[in-house]
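A.B. asks: Predicted model and sequence follow; I will ask about them next.
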Amino acid sequence: AQRVTQPEKLLSVFKGAPVELKCNYSYSGSPELFWYVQYSRQRLQLLLRHISRESIKGFTADLNKGETSFHLKKPFAQEEDSAMYYCALSGNRDDKIIFGKGTRLHILP
Amino acid sequence: GAGVSQSPSNKVTEKGKDVELRCDPISGHTALYWYRQRLGQGLEFLIYFQGNSAPDKSGLPSDRFSAERTGESVSTLTIQRTQQEDSAVYLCASSRSGNTIYFGEGSWLTVV
């Protein structure tokens, strides 16, 4: 069954410390993986997608097919990174996009 | 339009009344989703449309909830006989199949 797992509901990190938000997936094929972010009082928006292989706001994510993971990383956390982060998976063309439960990232001053 | 548009943005209703929430997806987007987000909680999938058919409505919490979509355009989510536990933000999103999903700002529903 298709599934996206974000094991941490809440992650608190000190400003300047490294951040890693975990995402594991289950899919019998070649999925496309995304990270979405929701800042306070703003709409959910795309942060990055694995096929783009880009860094957005200092965040990167590498698709590891062996470990079926797509963890989101940033070397030095900033206070403005505090938000809700969702990992998502898209499979075959007409399959719906599946979201994880989300991880709330709280950056401590 | 420029983005996914939802209306009303805020709705306060009395327990037991019916409410209808509307979503205008981005033009050309065949896929449309409804989610619910309770205060401080994660996304809760409700229903997925591909065109005007709904191949996955597994997330609808009860038969009080229903949704329809006209062609590849507007969708309405209807909640009958609202209960206090229905209070939440209802988010609509659309995408071209398999591509980036775009969210609306949500309809904040409060049942009193």
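C.D. replies: In hand now; what should we look at?
A.B. asks: ok now do whichever residue of chain A sits closest to chain B, which residues does it touch?
C.D. replies: When you check chain A against chain B by C-beta to the nearest C-beta, the closest residue turns out to be residue A:102, at 3.7 Å. C-beta coordinates here come from the backbone N, C-alpha and C atoms, glycine included. Contact partners of residue A:102, counting by C-beta atoms under 8 Å, 6 or more residues apart in numbering or on different chains, are A:6, A:9, A:84-86, B:42-43.
A.B. asks: Give me the neighbour count for residue A:17.
C.D. replies: The tally of other residues near residue A:17 (other C-beta atoms under 10 Å in any protein chain shown) stands at 13.
A.B. asks: near chain A, which residues of chain B?
C.D. replies: Listed as neighbours of chain A in chain B under the rule C-beta under 8 Å from any C-beta of the partner chain: B:31, B:33, B:35, B:42-43, B:45, B:48, B:50, B:55-56, B:91, B:93, B:95, B:97-106.
A.B. asks: Got a ChimeraX select line for the buried ones in these?
C.D. replies: Selecting just the buried residues from the residues of chain B next to chain A in ChimeraX takes one command, with 16 or more other C-beta atoms under 10 Å in any protein chain shown as the test:
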select /B:31,33,35,42,43,45,48,50,91,93,95,97,98,100,101,102,103,104,105,106
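A.B. asks: Strands - which of the residues of chain B next to chain A land there?
C.D. replies: B:31, B:33, B:35, B:43, B:45, B:48, B:50, B:55-56, B:91, B:93, B:95, B:102-103 (DSSP state E).
A.B. asks: From these, which one has the minimum pLDDT?
C.D. replies: Within the set of those, pLDDT is lowest for residue B:55 (85).
A.B. asks: Does it touch residue B:33 like I think?
C.D. replies: No: under the criterion of C-beta atoms under 8 Å, residue B:55 lies out of contact with residue B:33, with a separation of 11.7 Å.
A.B. asks: and stretch B:8-28, what's its mean pLDDT?
C.D. replies: Rounded to a whole number, the mean pLDDT of stretch B:8-28 is 96.
A.B. asks: Pull that stretch out as CSV, backbone CA atoms only.
C.D. replies: Provided in CSV are the C-alpha atoms of stretch B:8-28 (Å, rounded to 0.1, in the frame of the first residue of the first chain):
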residue,chain,number,x,y,z
PRO,B,8,-16.4,31.3,2.0
SER,B,9,-13.2,32.1,3.8
ASN,B,10,-14.9,32.0,7.1
LYS,B,11,-18.2,30.5,8.1
VAL,B,12,-19.9,30.3,11.5
THR,B,13,-22.9,28.1,11.6
GLU,B,14,-25.3,26.6,14.2
LYS,B,15,-25.1,23.0,15.1
GLY,B,16,-27.5,21.0,12.9
LYS,B,17,-27.4,23.3,9.9
ASP,B,18,-26.0,22.4,6.5
VAL,B,19,-23.0,24.1,5.0
GLU,B,20,-21.7,24.2,1.5
LEU,B,21,-18.0,25.1,0.8
ARG,B,22,-16.9,26.0,-2.7
CYS,B,23,-13.6,25.5,-4.5
ASP,B,24,-12.4,26.9,-7.8
PRO,B,25,-9.3,25.1,-8.9
ILE,B,26,-6.6,26.4,-11.2
SER,B,27,-7.8,26.2,-14.8
GLY,B,28,-6.7,23.0,-16.5
